[in-house]
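Enquirer: from the sequence below, what's the structure:
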Amino acid sequence: MPPVDVDDKNEDRTMKPAELRAMSDEQLNLTLKETIKHLFQLRCQSAADRLETPSEIQKARKDVARIKTIQTERQKKVAAGQQGAK
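Expert: Purely as a prediction, here's the structure:
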């Protein structure tokens, strides 16, 4: 069995905006929930002084911000479309 590369793990890399924009609203919500849950686990590990890579918290926070930004963009686009139809 080949060794597992650390970059293959979803938790160890940041999500690119293009990947997030390609997701549906439902997938984006699920990803947001998973990322927030992962961030919580990282904070708990950090409090217990067992965190191997402290930069993981920063990466998770940025992922949450990216997802929320894309969700806001989509909401504004829908709102603008509704106002244009009136």
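Enquirer: can you point out the buried residues in the helix or strand G81 falls within?
Expert: Element membership of G81 [criterion: DSSP states H and E] is helix 55-85. Using 16 or more other C-beta atoms under 10 Å as the test for burial, helix 55-85 gives E56, I57, K59, A60, D63, V64, R66, I67, I70. The C-beta positions use only the backbone N, C-alpha and C, and glycine is treated the same way.
Enquirer: from the centroid of this structure, which residue is nearest?
Expert: Computing the C-alpha centroid of the chain and ranking residues by C-alpha atoms, centre = their mean puts D63 first, at 3.6 Å.
Enquirer: quick check, that one in contact with K16.
Expert: No - if you go by C-beta atoms under 8 Å, D63 and K16 don't touch, sitting 10.0 Å apart.
Enquirer: next one: the closest residue in space to I36 that isn't next to it in sequence from K37, what distance?
Expert: Using C-beta to C-beta, 6 or more residues apart in numbering and skipping residues adjacent in sequence, the residue nearest I36 is V64, 6.1 Å away. Counting by C-beta to C-beta, to the nearest Å, the gap from V64 to K37 is 11 Å.
Enquirer: swap in P17?
Expert: On the measure of C-beta to C-beta, P17 and K37 end up 21 Å apart.
Enquirer: what of K76?
Expert: 27 Å.
Enquirer: what stretches of the protein score poorly on pLDDT?
Expert: Low-confidence segments of the chain (pLDDT under 70): 1-12, 86.
Enquirer: recalculate using a threshold of 50.
Expert: Flagging of the chain using pLDDT under 50 yields the residue ranges 1-11.
Enquirer: before we move on, which element is M23 in?
Expert: Counting by DSSP H and E, M23 is found in no helix or strand.
Enquirer: need the contact list for it.
Expert: T31 (C-beta atoms under 8 Å, 6 or more residues apart in numbering).
Enquirer: for R50, see how far away it is.
Expert: 32 Å.
Enquirer: for G84, give its distance to E73.
Expert: For G84, the distance to E73 - C-beta to C-beta - is 16 Å.
Enquirer: go ahead and confirm R74 touches D25.
Expert: Yes - contact criterion C-beta under 8 Å: R74 and D25 qualify, at 6.8 Å.
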